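> What shape does this take:
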Amino acid sequence: MSIFTTSCPRNCYSTCSMLVTVENNRIVRIDAHPDNEATQAGVCLKGLSYVERQASSKRITEPMKRISSYSSQPAFEKISWEEAIDLIARKLIFLRDVYGPQTVFYYAASGTKGWLNRIGARFWRLFGGYTGIYGDLCWPAGLEASRLTLGDNKHNLPWDIAQSRLLIMWGKNPAETNVQQMRFIGEAQSNGAQLVVIDPRRTETALKADLHIQPKPGTDGALALGIGYILIQHNWIDQEFIDQNVLGYPDYVRLVEKYNPEFVAETCGIPINQIELLAGALGSIKPATINAGYGMQRYTNGGQTIRALIALCAITGNIGKPGSGWIYANLQSHIFDPVKDPLDSYPPNKPDGVARISISTAKLGYDMLSQVNPPLQFLWIERGNPVAQNPETNKTIEAIRHLNYRVVVEEVMTDTALEADLILPAKTLFEQTDVITAYWHSYIQVKQKIVEQPEHVLPETEIYWRLALKLGYTEAEILNAGIPHPGETEKLLSSMLASMNDHYGSSITLEKLEAGPVLAPTTQPIAFEDLQFSTPSGKIELFSEEAARRWNVDPLPAWSPPLENSVSENPNKSRFPLQMMTPNNKNSIHSQFHNLDLIKQVDPGARLSMNSIDAADRKLQADDLARVYNDRGQIILPVFIDDGLRSGCVSCPNGYWHQHGSGVNVLSAARETDMGYGAAFHDNLVQVEKWRESRK
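Below is the predicted model of the structure:
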């Protein structure tokens with residue numbers, strides 16, 4: 001029996017450090033690693049379920065080739081790696097020689113984090129080119145808004161929040177999506193801090209709040225500007241901080257003049273006294289922290305909304321001090337990651353003759369179908385499940401089926417794997433060493449290889465190596481492209497760490513990381529404590545010329561209604577009067593973990609949460625089957641009556657699989673956010689009616 005240090009590589013805020021007990025090449029126990037101060041509270045249920053996930057009988061452990069047409073049920077047969085690599089190579093050579101390399105669409109998502117993920121793009125560059133994606137499904141509007149305003153995406157280290165005296169969880173539900181943060185929130189409350197939660201849903205976090213405000217979805221920016229109005233009217237601001245560190249304050253004052261309490265209360269659908277209570281708290285209690293979730297920036301006004309929230313921290317002087325600040329994304333450990341400057345992946349980048357980055361992940365299906373010179377023929381997907389996760393599912397499926405050939409690298413038979421012509425089995429997190437970073441704390445961590453993979457499973461790095469050889473490249477050419485020889489990935493990781501050490505004067509090695517997590521050498525425990533802001537002016541920019549120039553938005557954080565929303569002038573509002581929200585939940589990370597038996601024991605499955613008023617209007621009761629629909633599609637879900645949900649809204653978590661009849665993105669539109677090329681999932685109006693059958 002042996003105990004190893006490793007870390008969870010999922011796209012999750014916490015990025016937990018773990019101690020994993022292995023016996024006879026099997027995972028038998030998972031515990032929290034005590035050296036990660038952010039995640040000492042313990043591994044969540046999803047992390048504990050890795051014991052089942054690693055040994056699951058549902059795992060794909062050999063290459064599988066489709067033997068059925070798309071007009072029938074998908075059927076696959078097992079084939080050898082030699083046959084699989086030969087099949088792929090022959091198709092790639094033909095397509096490259098006849099149509100050009102950019103006929104290949106390389107789609108990689110964030111299902112597993114790690115430095116080795118960059119090997120895929122290196123391979124396709126070696127191949128001669130590819131077509132790729134830009135933007136992101138998760139958080140880019142908020143990233144860009146924070147960058148434009150503050151210059152960097154960073155915040156105080158997680159445990160600093162315990163020093164706050166006012167905590168505002170704005171669209172954030174850490175009790176389900178960042179459970180380790182609740183320990184620090186609890187410490188702050190024990191020391192007398194007030195907790196405010198702003199969310200249309202009465203979440204588990206909201207139940208612990210001193211004040212819960214439930215605005216209409218998509219109106220958070222108006223609420224933030226209304227709070228700014230009151231703060232200025234009562235002189236509850238930090239004028240000295242503003243004078244020294246803020247650009248555009250006089251323009252901001254003029255902007256908020258129309259956001260008086262009466263206007264904001266009507267726009268947001270909340271009582272005036274709640275607006276005044278929140279403004280009074282923010283104006284009188286210090287230090288204060290605003291922690292935004294990702295749901296708010298998944299609207300077509302999402303970036304401007306985030307800018308309006310950050311402005312509240314700026315005008316009250318709650319930046320650069322212990323217990324205060326703006327919490328959204330902490331990229332201090334992303335030392336080599338291009339997301340540190342998200343504009344690196346944004347069009348319009350000039351074509352470099354190799355990578356054609358021309359497909360928006362938010363508009364995946366439409367952009368795939370629109371590619372010409374050359375059109376797409378071949379699809380390679382890894383670390384992603386776009387059929388379940390990308391907006392407007394039916395268009396995504398149409399575009400995938402329009403292609404000549406589809407390869408999916410996957411652990412289990414996901415919705416996307418079912419669309420493949422060839423499925424290649426993927427390693428698990430325990431079967432190859434990698435180095436990962438995080439976006440809540442700033443630890444650099446190792447994800448160790450601690451068990452041997454099944455006989456016919458290969459790490460993606462080795463798949464690319466074998467395929468490159470089959471395509472005729474020499475070992476020297478492959479190594480020169482940055483693709484490591486099988487068995488030498490740890491050598492590559494050590495080289496990357498050495499390069500980092502040389503640049504930053506640090507001494508982080510794989511051996512040190514195998515003992516426990518290490519804070520990145522660039523870590524600033526209190527973000528912006530030096531009051532240095534990497535903006536064009538060197539100040540916090542409430543007025544941003546770059547925002548106007550790059551994104552064609554108001555240079556100030558002005559609010560406008562989302563395009564498809566109950567407060568917008570949308571012509572479909574009368575036909576589809578309900579706002580559909582698709583939040584994350586504690587039992588999954590997007591479309592991962594739902595298939596595990598341990599999770600099924602505690603998860604009720606996909607269901608439609610409705611206020612009893614909206615349900616009664618449609619003659620629906622608990623457990624009735626309801627048809628949820630709009631012009632993009634429909635799903636059938638059982639009803640869950642939830643009077644903690646604001647009337648006029650319905651909700652179902654994202655991530656449930658279409659093969660189980662409950663993929664919510666059938667309803668969402670392929671539409672981008674106002675900045676950052678994010679996905680505006682929540683601009684999504686629906687209608688609900690009773691289905692002809694019932695569970696009763």
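
> Assumed Leu458 was part of a helix.
No. Under DSSP: H, G, I helix; E, B strand; the rest coil, Leu458 falls outside any helix and is assigned coil.

> That one and Val409, how far apart?
Here Leu458 is placed at a distance of 10 Å from Val409 (CB to CB, to the nearest Å). Heads up, the C-betas are built off the backbone N, CA and C, glycines and all.

> In this structure, which residue is most central in space?
Central residue of the chain (CA atoms, centre = their mean): Cys138, 3.1 Å from the mean position.

> That one and Ala109 touch, don't they?
No. Between Cys138 and Ala109 there is no contact, the gap being 9.5 Å when judged by CB atoms under 8 Å.

> re the thing from before, contact partners for the residue nearest to the centre of the chain?
By CB atoms under 8 Å, 6 or more residues apart in numbering, Cys138 lies in contact with Asn11, Ser110, Tyr294, Gly678.

> Put together a markdown table for the residues you listed, with distance to Lys363, pLDDT and secondary structure on each row.
Shown next, in a markdown table, are those (distance: CB to CB, whole Å; pLDDT from 0 to 100; DSSP: H, G, I helix; E, B strand; the rest coil):
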| residue | distance to Lys363 | pLDDT | secondary structure |
| --- | --- | --- | --- |
| Asn11 | 21 | 90 | coil |
| Ser110 | 18 | 88 | coil |
| Tyr294 | 19 | 95 | coil |
| Gly678 | 11 | 96 | strand |
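
> Neighbour-wise, give me the winner out of those.
Among these, Gly678 has the most neighbours (other CB atoms under 10 Å), with 30 neighbours.

> Please export the alpha-carbon coordinates of the lengthiest helix in the chain; PDB is fine.
What stands out as the longest helix in the chain, according to DSSP state H, is helix 81-98. What follows is helix 81-98, C-alpha atoms only, in PDB (Å, rounded to 0.1, in the frame of the first residue of the first chain):
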ATOM      1  CA  TRP A  81      -4.300   0.400 -32.000                       C
ATOM      2  CA  GLU A  82      -2.400  -0.500 -35.200                       C
ATOM      3  CA  GLU A  83      -5.600  -0.500 -37.200                       C
ATOM      4  CA  ALA A  84      -6.800   2.700 -35.600                       C
ATOM      5  CA  ILE A  85      -3.600   4.700 -36.200                       C
ATOM      6  CA  ASP A  86      -3.400   3.400 -39.800                       C
ATOM      7  CA  LEU A  87      -7.000   4.300 -40.400                       C
ATOM      8  CA  ILE A  88      -6.500   7.900 -39.100                       C
ATOM      9  CA  ALA A  89      -3.200   8.400 -40.900                       C
ATOM     10  CA  ARG A  90      -4.600   7.300 -44.300                       C
ATOM     11  CA  LYS A  91      -7.600   9.700 -44.000                       C
ATOM     12  CA  LEU A  92      -5.400  12.600 -42.800                       C
ATOM     13  CA  ILE A  93      -2.800  12.200 -45.600                       C
ATOM     14  CA  PHE A  94      -5.600  12.100 -48.200                       C
ATOM     15  CA  LEU A  95      -7.400  15.200 -46.800                       C
ATOM     16  CA  ARG A  96      -4.200  17.100 -46.500                       C
ATOM     17  CA  ASP A  97      -3.000  16.300 -50.000                       C
ATOM     18  CA  VAL A  98      -6.400  16.900 -51.700                       C
END
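
> Show me the shaky parts of the stretch 51-200 of the chain.
Under the criterion pLDDT under 70, the flagged ranges of the stretch 51-200 of the chain are 71.

> nope, the stretch 401-550 of the chain is what I was after
For the stretch 401-550 of the chain, no range has pLDDT under 70.

> Now do the strands for it: every range, in order, please.
If DSSP state E, counting those that start in this stretch is used as the criterion, the strands of the stretch 401-550 of the chain fall at 405-410, 422-425, 434-436, 443-447, 518-519, 540-541.

> domain assignment for the chain?
Following automatic domain parsing, the chain resolves into domains at 1-70+83-135+346-426+453-485, 141-332+530-551, 578-694.
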